[in-house]
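*Asks:* sequence and predicted structure below; questions after.
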Amino acid sequence: MEKRIEYLTEWLRNKTKEAGADGLLVGVSGGIDSAVVSYLIKRAFPENSLGVILPINQEVEDQTDALDVVEGADLDYVGIELTDAYETTYGAIKKQLDEKGDWKEGKSQLGGANLQARLRMSTLYAVGNNYNYLIVGTDNAPEYYTGYFTKYGDGGVDLVPLINLQKEEVREMAKVLGVPNSVIHKKPSAELWEGQTDEEELGMSYDTIDAYLRGEAIDSEDEKNLKARHKRTEHKRQIPAGPDKFEGV
Ligand SMILES: Nc1ncnc2c1ncn2[C@@H]1O[C@H](COP(=O)(O)OP(=O)(O)OC[C@H]2O[C@@H]([n+]3cccc(C(=O)O)c3)[C@H](O)[C@@H]2O)[C@@H](O)[C@H]1O
Ligand SMILES: Nc1ncnc2c1ncn2[C@@H]1O[C@H](COP(=O)(O)OP(=O)(O)OP(=O)(O)O)[C@@H](O)[C@H]1O
Ligand SMILES: [Mg+2]
């Protein structure tokens, strides 16, 4: 595992140099994926790395975990409270669509959730511009395969070092890096609404998805669901579709 960590650290350094950037930053949620990335960017750029904590109506417990991560990694950090920005933007969308008679309350949870992820993305890029740092994403192999991220939200990043790691491998890497135990053992959650957990929303455990990605046999219903999810989210792993060049007159 140490060798794999060194490989990723070196890869991060090379990609940053290739881009002419001065360092790296990551959004730190208090979850394990961003914790691992926090420790990796600190190793890659001890003096030029930054953790950005972006609370939106966030549980105090999760903010504590985020602080434990940046302190544990000895990572320079900044906190930017986005609750007001989110409430103002979401409130304005709702008000204007409501006045038009078009607001669909049932669709609002996911729309609001994705807006949170996209506000964070915009904020990370503004901070990145300030320091000339690249934005490091936290997607791992099961999230990428299932498209379990917001397009142009948490999926809108420059580098994705964990993309080939299964969730179990992220946990193993976290232990070796020294990520706090409370962060390693908590349930994965996007925290986009009250009580949300990844595994409940995905309808299966990360262990099942990991097993499938390792090529092992899993329950046939789970396999069917995974394949359908992968297909449905293919657009998120591609650049936006455009038509072929018009060749007529
Ligand atoms: N075939 C197609 N070709 C081109 N574009 C297509 C499309 N189908 C949908 N779209 C577009 O894509 C949109 C749907 O994609 P998207 O906006 O991503 O939204 P969607 O996939 O519906 O929702 C995001 C999912 O990711 C989860 N998430 C988000 C953020 C963080 C985390 C986490 O783990 O921390 C998890 C979240 O809980 C939810 O399950 C549609 O609204 C539409 O605009
Ligand atoms: N409050 C937050 N502050 C800063 N960044 C955040 C915040 N919430 C989410 N993010 C960013 O969005 C990413 C996607 O969240 P995701 O939940 O997949 O990862 P995680 O929280 O690090 O780990 P887990 O999946 O185990 O919960 C985070 O890794 C982080 O970079
Ligand atoms: Mg999380």
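*Replies:* Received it, and whenever you're ready, just let me know what you need. Ligands and ions are numbered 1, 2, ... in the order given.

*Asks:* where does pLDDT dip in the protein?
*Replies:* Along the chain, the model assigns pLDDT under 70 to no residue.

*Asks:* the strands in it, which residues?
*Replies:* Assigned strands in the chain, in chain order: 23-27, 49-53, 77-79, 133-135 (criterion: DSSP state E).

*Asks:* what's the third one in contact with?
*Replies:* Contact with strand 77-79 is made by 28, 50-55, 70, 127, as judged by C-beta atoms under 8 Å, 6 or more residues apart in numbering. Heads up, the C-betas are built off the backbone N, CA and C, glycines and all.

*Asks:* of these, closest to I163?
*Replies:* Checking the contacts of strand 77-79 against I163 with C-beta to C-beta, the nearest one is V28 at 18.8 Å.

*Asks:* okay, now the closest one: neighbour count?
*Replies:* For V28, the neighbour count with other C-beta atoms under 10 Å is 28.

*Asks:* right, and it touches S38 too?
*Replies:* Yes - here V28 reaches S38: they are 5.7 Å apart, a contact under C-beta atoms under 8 Å.

*Asks:* mutual contacts of the two, please.
*Replies:* Overlap of the contact sets of V28 and S38 (by C-beta under 8 Å, 6+ apart) consists of 51, 69-70, 75.

*Asks:* of those - the most surrounded one?
*Replies:* Busiest of the shared contacts of V28 and S38 [other C-beta under 10 Å] is V69, holding 29 neighbours.

*Asks:* for it, what are its contacts?
*Replies:* So V69 contacts 28, 30, 34-35, 38, 51, 75, 179-180, 183 (C-beta under 8 Å, 6+ apart).

*Asks:* neighbours of the nearest residue to it once chain neighbours are set aside, just the number please.
*Replies:* Among residues not flanking V69 along the chain, A35 sits closest, at 4.5 Å (C-beta to C-beta, 6 or more residues apart in numbering). For A35, the tally of surrounding residues (other C-beta under 10 Å) stands at 31.

*Asks:* next: R171.
*Replies:* Counted with other C-beta under 10 Å, R171 comes out at 16.

*Asks:* what's the burial count for the residue nearest to it when sequence neighbours are not counted?
*Replies:* What sits nearest to R171 in space, not counting adjacent residues and going by C-beta to C-beta, 6+ apart, is I184, at 6.0 Å. Residues near I184, counting by other C-beta under 10 Å, number 16.

*Asks:* same question, the one 3 residues further on
*Replies:* For K187, the count of nearby residues is 10 (other C-beta under 10 Å).

*Asks:* for it, give me its contacts.
*Replies:* K187 neighbours (C-beta under 8 Å, 6+ apart): 197-199.

*Asks:* just the buried residues of these.
*Replies:* 198-199 (16 or more other C-beta atoms under 10 Å).

*Asks:* what is the nearest of the contacts of K187 to K15?
*Replies:* Proximity of those to K15 (C-beta to C-beta) peaks at D198, which lies at 27.0 Å.

*Asks:* so that closest one touches P188, yeah?
*Replies:* Yes - between D198 and P188 there is a contact under C-beta under 8 Å: 4.2 Å.

*Asks:* before we move on, the earlier item: out of the contacts of K187, which is nearest to ligand 3?
*Replies:* Ligand 3 lies nearest to D198 out of those, by C-beta to the ion, at 7.6 Å.
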